[in-house]
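Chemist: sequence plus predicted model, see below.
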Amino acid sequence: MSFDATELSELETRYTSLEQELQSPDLVRDQKAYAASARRFAELGRILEVWHRLRKIEDDIVGTKTLLADPNGEVREMAQSELNELGESLQTASQELKSLLLPKDPNDEKNTILEIRAGTGGDEAALFAADLFRMYSRYAETKRWRCETLSSNPSSGPGAGFKEIIFLIEGDGVYSNLKYESGVHRVQRIPATESQGRVHTSTVTVAVLPEAEEVDVDFRPEDIRVDVYRSSGPGGQSVNTTDSAVRVTHLPSGLVVAIQDEKSQLKNKHKALKILRARLMDKANMEQRQKISDERREQVGTGDRSERIRTYNYSQGRVTDHRIGLTLYRLAEILDGDLTELITQIGIHFQAKLLANSGLSNG
């Protein structure tokens, strides 16, 4: 095999060391450091479990091959059958180990900010933005994640649609599950107001941003301008008699976040800074990816928000993800939050691309 036995032995040493560290009272008192060490301990445990399984399969193959020289034809036939099964098991374990050895995305365990915006299609796009908000919220429920709306801009048209809604999802592995949902989502359906029964096409954009902590993005006070103003509802009517709405501008980048959902100016400012940090970190990550892409002189699909990634066709009851060519005729269930199959297949697709680029895939 192409795996570096020395490197894997070093991981085993690190695993044993971490096991001892996790018993340290000093580490237990530092919850953040303890959680990071516990995650790494679990990751190494999975790698080593697969490695030991792979080595046992290799040993079993060597032992079984000796039976191919047995004079008894029945024994040789049984040995060949067992070798075929062992070969399949070896391939599975090898692929699993390759995947586990891929460099981890440092954002995978972070909480996530989802920004859903109505695109082309007017009121229909706003209504579908609300449908996607419900879809992701229901999916979060199935994963026992917590959702919190940070900002919403309801549509003034008929129905409960959104021009924009931004919300935070907190839980284990949120970003690793949702990071490939970024992009343009297209809906094809007959609007309730359409008397001729014509299918309309509308679009909604989804941005998936890992939540940035203060240590990830550090603001200089002089780089931030905070403006306060009186909040207003649809149509411009005042919904608050105090200057509680907050607009935060990051002067170096020109990024602006305005929040007016809360009656408290302090809460609105806190939410605005949370969104701004996530956008700045996402901007830095995108610039870094672009730099790497330019250096390699190749363009690797990364679920960029400018790409049309998925179509939801109501008349046919289907959902098609264009990146992997997957069509599922389970539209109602998917919109009700049953995203597991989609997210799993998309994850496998992008992991295969990472393996292909890592040099591990041909081992």
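Modeler: Thanks, I have it.
Chemist: need phi/psi at the residue nearest to Gln80 when sequence neighbours are not counted.
Modeler: Leaving out its chain neighbours, the residue that sits closest to Gln80 by CB to CB, 6 or more residues apart in numbering is Leu68, at 6.9 Å. From N, CA and C alone the C-beta is placed, and that goes for glycine too. Phi and psi for Leu68, reported as degrees, to the nearest 10, are phi -70, psi -20.
Chemist: restricting to C-alpha, output stretch 269-288 in CSV.
Modeler: Output of stretch 269-288 as CSV, limited to C-alpha atoms (Å, rounded to 0.1, in the frame of the first residue of the first chain):
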residue,chain,number,x,y,z
LYS,A,269,-25.0,45.6,17.2
HIS,A,270,-24.0,42.2,18.5
LYS,A,271,-25.8,40.4,15.6
ALA,A,272,-24.4,42.8,13.0
LEU,A,273,-20.8,42.2,14.2
LYS,A,274,-21.4,38.4,14.2
ILE,A,275,-22.5,38.6,10.5
LEU,A,276,-19.7,41.0,9.6
ARG,A,277,-17.0,38.7,11.1
ALA,A,278,-18.4,35.7,9.2
ARG,A,279,-18.4,37.7,5.9
LEU,A,280,-14.9,39.0,6.4
MET,A,281,-13.6,35.5,7.2
ASP,A,282,-15.5,34.1,4.1
LYS,A,283,-13.9,36.9,2.0
ALA,A,284,-10.4,36.0,3.2
ASN,A,285,-11.0,32.3,2.6
MET,A,286,-12.3,33.0,-1.0
GLU,A,287,-9.3,35.1,-1.7
GLN,A,288,-7.0,32.4,-0.5
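Chemist: buried stuff in that stretch?
Modeler: When burial is assessed from 16 or more other CB atoms under 10 Å, stretch 269-288 yields the following buried residues: 269, 271-282, 285.
Chemist: now, which of these sits nearest Glu181?
Modeler: Asp282 (13.6 Å; CB to CB).
Chemist: could you give the average pLDDT over whichever strand or helix holds that closest one?
Modeler: Per DSSP states H and E: Asp282 is located in helix 265-296. In this model, helix 265-296 carries a mean pLDDT of 76.
Chemist: could you do stretch 227-244 as well?
Modeler: Rounded mean pLDDT across stretch 227-244 is 62.
Chemist: looking at this, Gln196 is in a helix?
Modeler: No - assessed with DSSP: H, G, I helix; E, B strand; the rest coil, Gln196 is coil; it does not lie in a helix.
Chemist: helix or strand with the lowest mean pLDDT in this protein?
Modeler: helix 265-296 (a mean of 76; mean pLDDT, DSSP states H and E).
Chemist: next, the buried residues of stretch 74-89.
Modeler: 79, 83, 86, 89.
Chemist: can you check stretch 245-253 too?
Modeler: Quick answer for stretch 245-253 (16+ other CB under 10 Å): 245-250.
Chemist: list of residues touching the helix or strand following the least confident helix or strand of the chain?
Modeler: Following helix 265-296 in sequence order, the next helix or strand is strand 308-313 (DSSP H and E). Identification of contacts with strand 308-313 by CB atoms under 8 Å, 6 or more residues apart in numbering yields 128, 180-189, 203, 303, 318-323, 331, 334-335.
Chemist: who's in contact with stretch 140-153?
Modeler: 113, 137, 162-172, 174, 177, 257-261, 271, 274-275, 337-338, 340.
Chemist: circling back to that earlier point, quick one: the least confident helix or strand of the chain to chain centroid distance?
Modeler: Computed by CA atoms, centre = their mean, to the nearest Å, the chain-centroid distance of helix 265-296 equals 15 Å.
Chemist: counting by contacts, list what it packs against.
Modeler: strand 112-118, strand 146-154, strand 200-210, strand 245-250, strand 255-259 (3 or more CB pairs under 8 Å, 6 or more residues apart in numbering; DSSP states H and E).
Chemist: so which of these is the most packed in?
Modeler: Mean neighbour count (mean count of other CB atoms under 10 Å) peaks for strand 112-118 among the helices and strands packed on helix 265-296, with a mean of 24.
Chemist: parallel or antiparallel, list what pairs with it.
Modeler: If you go by DSSP bridges, strand 112-118 pairs up with strand 162-170 (antiparallel), strand 200-210 (antiparallel).
Chemist: just the CA atoms of it, as CSV, please.
Modeler: What follows is strand 112-118, C-alpha atoms only, in CSV (Å, rounded to 0.1, in the frame of the first residue of the first chain):
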residue,chain,number,x,y,z
THR,A,112,-22.8,28.4,10.4
ILE,A,113,-24.5,31.5,9.2
LEU,A,114,-26.8,31.0,6.3
GLU,A,115,-27.8,34.0,4.2
ILE,A,116,-30.8,33.3,1.9
ARG,A,117,-31.7,36.1,-0.7
ALA,A,118,-34.5,36.2,-3.3
